[in-house]
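Chemist: my questions concern the predicted model and sequence given below.
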Amino acid sequence: MDVLAGAKAVQIATVIYQKGPEHIGVMLEQMKEWMKKNNYSSLQKIIGNLISGVILLLDKSIKPGDVIAVDDTYGWVNTLGGRYVSVITRDGVEHLIPNELLITERVENWTYSHDRTRLRIAVGVHYDSDVRLAARLCEEAAGQTTRVLQDPAPKSLVKGFGDNSVDLEIRFWIADAHNGVANVKSDVLLDVWDKFHEHGIEIPYPQRDLHLRSAGELVRALREAQATS
């Protein structure tokens with residue numbers, strides 16, 4: 001990349017940082033016009049990613065070690081580069097995400113200002129079960145899971161009355177989202193399963209009511225089906 005183009009990119013990135021990210025659209029358009037005027041049109045994407053990379057370094061909104069989610073990618077930031085950010089998922093797959101995408105699109109940074117993350121798990125219990133006991137058991141199950149924080153304490157809420165179950169939601173906090181989310185949810189659910197079985201709390205199966213207007217029509221339909229089989 002030409003030194004002049006690189007210097008111009010850094011200059012614009014600095015101006016964007018000083019004025020605020022809301023000016024990035026205007027400044028990028030100015031950069032594109034400058035590049036067309038100086039025959040750098042083929043480098044627009046590279047320059048755009050370079051500018052975005054400089055902004056990320058300056059405002060520190062995304063740093064190595066942060067846990068982020070962008071589009072369908074969830075993982076922790078490994079490195080920041082001139083053109084892309086390396087994000088490693090729990091499967092060990094390394095995604096190289098263009099810097100410009102992290103500036104212009106919505107990004108969830110789970111560890112931007114603190115390490116704590118609140119998780120939620122939906123649980124359904126049978127209508128014949130003791131709902132208050134079930135809610136207490138859910139809180140106890142979450143509280144005894146190793147990675148779940150005790151302050152704030154886990155909480156279980158009744159969210160509604162569904163077609164087949166009373167719908168509960170377990171809410172709890174963890175401080176190490178980089179170690180995975182699905183695994184700690186699994187641990188909590190296994191503890192809930194054990195406690196429900198221990199105290200006779202039933203988890204319902206989906207149920208549907210079948211209403212027959214005429215048993216005679218059903219008998220005839222069954223006979224016809226048998227005759228043709």
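Modeler: Everything's here; your move.

Chemist: for the spatially most central residue of the chain, phi and psi?
Modeler: The residue at the geometric middle of the chain, judged as the C-alpha nearest the mean C-alpha position with CA atoms, centre = their mean, is residue 69 (6.0 Å). When quoted as degrees, to the nearest 10, the phi and psi of residue 69 stand at phi -130, psi 120.

Chemist: for it, give its distance to residue 102.
Modeler: When distances are taken as CB to CB, to the nearest Å, residue 69 and residue 102 turn out to be 11 Å apart. From N, CA and C alone the C-beta is placed, and that goes for glycine too.

Chemist: so what's the spatially closest residue to the residue nearest to the centre of the chain that is not a sequence neighbour up against?
Modeler: Take residue 69 and drop its neighbours on the chain: the residue closest to it by CB to CB, 6 or more residues apart in numbering is residue 108, 4.2 Å away. With contacts defined as CB atoms under 8 Å, 6 or more residues apart in numbering, the neighbours of residue 108 are 68, 69, 70.

Chemist: try it again at 10 Å.
Modeler: For residue 108, the set of contacting residues under the criterion of CB atoms under 10 Å, 6 or more residues apart in numbering consists of 67, 68, 69, 70, 74.

Chemist: residue 204 versus that one, what's the distance?
Modeler: For residue 108 relative to residue 204 (CB to CB), the value is 33 Å.

Chemist: ditto for residue 136
Modeler: According to CB to CB, residue 136 stands 19 Å off from residue 204.

Chemist: domain map for this protein?
Modeler: With automatic domain parsing serving as the domain definition, the record reports that the chain contains domains spanning 3-109, 117-199.

Chemist: quick one: average pLDDT of the first one?
Modeler: Mean pLDDT, computed over domain 3-109, is 74.

Chemist: and what of stretch 147-156?
Modeler: Rounded to a whole number, the mean pLDDT of stretch 147-156 is 95.

Chemist: for it, C-alpha coordinates in CSV please.
Modeler: Once non-C-alpha atoms are left out, stretch 147-156 reads as follows in CSV (Å, rounded to 0.1, in the frame of the first residue of the first chain):
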residue,chain,number,x,y,z
ARG,A,147,-19.0,-21.0,38.1
VAL,A,148,-22.2,-19.3,39.1
LEU,A,149,-21.7,-16.2,41.2
GLN,A,150,-23.3,-16.0,44.6
ASP,A,151,-23.6,-12.2,44.5
PRO,A,152,-25.9,-11.3,42.9
ALA,A,153,-27.6,-14.6,43.9
PRO,A,154,-29.4,-16.7,41.3
LYS,A,155,-33.1,-15.9,40.9
SER,A,156,-36.0,-18.0,39.5
